[in-house]
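>>> got a predicted model here, sequence first, then my questions.
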Amino acid sequence: MQNKNYTIEFKTDRDLSGVLYLITGILALLWSLFQLSLPKFIILDSTQTRAIHLAFALALAFCSIPLIKKRDIKSIPFLHHKQRIPLLDLLLIVLGVFGALYILLAWNSIMQNSGNPSLYDTIVSILLVLIVLESSRRSIGLPMTLLVIILSLYAFFSESMPGIFAFKGISFPRYISQIVLSTEGIFGVPLDVSSRIVFLFVLFGTLLERLGAGAFFNDSAISVLGRFKGGPAKASVISSGLSGMVSGSSIANVVTTGTFTIPLMKKVGYPARIAAATEVAASTNGQLMPPIMGAAAFIMAEYLGTSYFSIIKAAIIPAVISYIALFYITHLEANKLNLRKLSSKELPRLTEVFHRGFHHLIPLSILIYELVVVRRTPTLSVFYAIGALFLISLLRALIEALIRKTSLLFAIRSWTFAIIEGLIQGAINMLPVALATAAAGIIVGIVNMGLGSLIIQIVEYLSLGNILLLLFLTAFFSIIIGMGLPTTATYVVMASITVPIITKLGANMGIEIPLIAAHLFCFYFGIIADDTPPVGLAAYTAAAIAKTDPVPVGITGFIYDLRTAIIPFVFIFNPILLLEGVHSFFAGVGVFIIASLGALTFTSVVQGWLRLKNAWYETILLLLSSTLFFMGRKIVMLQGWGLGAEIFLYFIAAALYAFVYSLQRFTKNKLRLA
């Protein structure tokens, strides 16, 4: 934003200008204001909210995203243009808005003809499905659209499939009634969560970023950790974790923190590949970090019928130990490369950084307080946090104007335009989530029409009734699907298909797997897909900043993420990691310490390094130590042993780690003397 000229700037995939730029900005602003008014000022039922939410999303999508994003394509005025909105997109806007609102306009007629849609209902429904698929293709790519089409065709023609893949087909009227003319498809739970909760959290993160919170987190981490060996990489981990708390987006994290930390990592000696991969791994894990955790966590709370606080409570230890392990990876890499430290002249001063940006912590603290202490709903919590953000940023602008003796009117205008920019950009940032949830609703609707039971049988058949093989299949397919889909869509698809079979197979084997553990398992591997070659978008973004090849970056980032990938397998078989059955603070601290030791030990196994490169037998001892740290309690429970046996197993795990550490320390000293 250019304050002197009072211009508002926002980014879209179309290079609009003039009246069209203004109209698009107004549309995005109205969407944000509508969503902000829902918690306190406008009373609508859930169906009305979902329909209006989708109408805004479709209109804004066809305003801001061209048919084809490649800049070198030749423009066809009717179909495609990068600088203006062609006639086709104007038509899609009108039809999309009408189709989204049709469920409200014709509700009485739809109810009277329940299960038997009229010709008019059918035409509108077909148009809406096609428009939702096209908008999601433009926003999140082709894979989601193809997946919906394939599942839809399978639902219609599954009777012709051979053997176990055969299924009683779904009639077209039933498909239309379920997918469009009810709240079980496009207007289902994913879109409901998007409209009620996710939008405000995305808006909160965008406003914080626009007002400088990302730079504050980044500078704070650099000022504290930059003086240590591998300090920029350590700062990248911390700043990405802090930014992830509010953004919930791995790509946004890479762009926000990586722009500064990746060049700094290269400056102290990290190869471009490792610098980019560190940022990718740190940014990807930002979606694991409470209190926001991305849109999928809110949908998870709805599916489980539990409070969002319960999701936060279960997710906190796995998220934190994952970041501790990544922090340790940066330390090991710095030791391998024998990197230098940054000098004090190269670092921002912490007091100056804190003085400049401490006010960004207040809205975030209010959000955490409302969610965790007061236990308000996520909607009200983030609403109050946004209100506090408005007030605090305005007071900050006025105080700075008084200190600098500049015009208060100018400060208010600057603040107003900054807020408007944030509201507009927040709506634009919300498009991929809103359209992904609408498209994912089609998949959920198809699964709920009976196809889910068939898919469960197929998955159970492929897994040979083995829970461990099923988990590997779930992880594999989550990563494959997640290569082309946002985390939210990946989670919805995989949770709909695999969560029931995970819990069922576990019960058949005498293993009680909590539902939340199965849901988080799908969630984790959907996130890991963000840096998995050959598609991982976060890896491509970081590689562009580091000026290196994205595929090696993705491979290295995935290797770093193995310390995260082991965690879901652990909490499936040992749910105490999710604080299941833990009722005291000190017991929770004990779980955290033991799990952290397990994560650190496993990290040394994956990296092949402790103080020196691991010998093969040292790797085996460290792997055994990690297993005992992670699974000691479960082993004791299965054997029916007492608490003393559990402590003894942890003692053995610590002794194994200490033995390898001492052995390598002795070897290193011997080499130094030689």
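Yep, that arrived.
>>> helices along the stretch 201-350 of the chain, start to end?
With DSSP state H, counting those that start in this stretch, the ranges of helices along the stretch 201-350 of the chain come out as 213-225, 231-247, 250-253, 259-268, 272-284, 295-304, 308-337, 350-357.
>>> which residues sit against the last one?
The one in question is helix 350-357. Helix 350-357 has contacts (C-beta atoms under 8 Å, 6 or more residues apart in numbering) with 212-213, 215-216, 219-220, 223-224. Heads up, the C-betas are built off the backbone N, CA and C, glycines and all.
>>> quick one: that helix to helix 213-225, angle?
170 degrees (axes from the mean of the first three to the mean of the last three C-alpha atoms, to 10 degrees).
>>> buried ones in helix 350-357?
Judged by neighbour count (16 or more other C-beta atoms under 10 Å), helix 350-357 contains these buried residues: 353, 356-357.
>>> now the third one
Of the residues in helix 250-253, 250-253 count as buried by neighbour count, 16+ other C-beta under 10 Å.
>>> now swap in stretch 551-558 and tell me
Of all the residues in stretch 551-558, those buried under the rule 16+ other C-beta under 10 Å are 552-558.
>>> in the stretch 101-250 of the chain, where is pLDDT below threshold?
Within the stretch 101-250 of the chain, the segments meeting pLDDT under 70 span 244-249.
>>> the buried residues of stretch 551-558 into TSV, with extra columns for distance to Tyr524 and secondary structure?
Converted to TSV, the buried residues of stretch 551-558 look like this (distance: C-beta to C-beta, whole Å; DSSP: H, G, I helix; E, B strand; the rest coil):
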residue	distance to Tyr524	secondary structure
Pro552	24	helix
Val553	21	helix
Gly554	17	helix
Ile555	19	helix
Thr556	19	helix
Gly557	15	helix
Phe558	13	helix
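>>> which of those residues lies closest to Tyr491?
In terms of C-beta to C-beta, no member of the buried residues of stretch 551-558 lies closer to Tyr491 than Phe558, at 18.8 Å.
>>> around the closest residue to that closest one other than its chain neighbours, count how many other residues there are.
Residue nearest to Phe558 in three dimensions, not counting chain neighbours: Thr532, with 5.5 Å by C-beta to C-beta, 6 or more residues apart in numbering. For Thr532, the number of neighbouring residues by other C-beta atoms under 10 Å comes to 21.
>>> for Thr532, list the residues it contacts.
Counted by C-beta under 8 Å, 6+ apart, Thr532 has contacts 479, 482-483, 539, 554, 558.
>>> and it, how far is that from Ala539?
Thr532 is 8 Å from Ala539, where distance means C-beta to C-beta, to the nearest Å.
>>> and the contacts of stretch 327-337?
229-230, 233-234, 236-238, 269-271, 274, 278, 281, 560, 563, 600, 603-604, 607, 609-611.
>>> now do stretch 157-177
Stretch 157-177 is contacted by residues 114-117, 121-122, 125-126, 152, 154-156, 446, 449-451, 454, 457-458, 461 when judged by C-beta under 8 Å, 6+ apart.
>>> equivalent analysis for stretch 506-514, please.
Contacts for stretch 506-514 (C-beta under 8 Å, 6+ apart): 465, 467, 502-503, 572-573, 575, 578, 580.
>>> may I see the buried residues of the longest helix along the chain?
In terms of residue count, the longest helix belonging to the chain (DSSP state H) is helix 408-446. By neighbour count with 16+ other C-beta under 10 Å, helix 408-446 contains the buried residues 411, 414-415, 417-446.
>>> same check on stretch 276-295?
For stretch 276-295, burial by neighbour count (16+ other C-beta under 10 Å) applies to 276-295.
>>> same check on stretch 141-156?
141, 143-145, 147-148, 151-152, 154-155.
>>> before we move on, the earlier item: what touches both of Thr532 and Ala539?
Residues touching both Thr532 and Ala539 by C-beta under 8 Å, 6+ apart: Gly554.
>>> so how far is Phe629 from Ala599?
For Ala599, the distance to Phe629 - C-beta to C-beta - is 8 Å.
>>> ok, now which ones touch the spatially closest residue to Phe62 that is not a sequence neighbour?
Once flanking residues are discounted, Phe62 sits nearest to Asp89: 4.4 Å by C-beta to C-beta, 6+ apart. By C-beta under 8 Å, 6+ apart, the contact list for Asp89 reads 62-63, 66-67.
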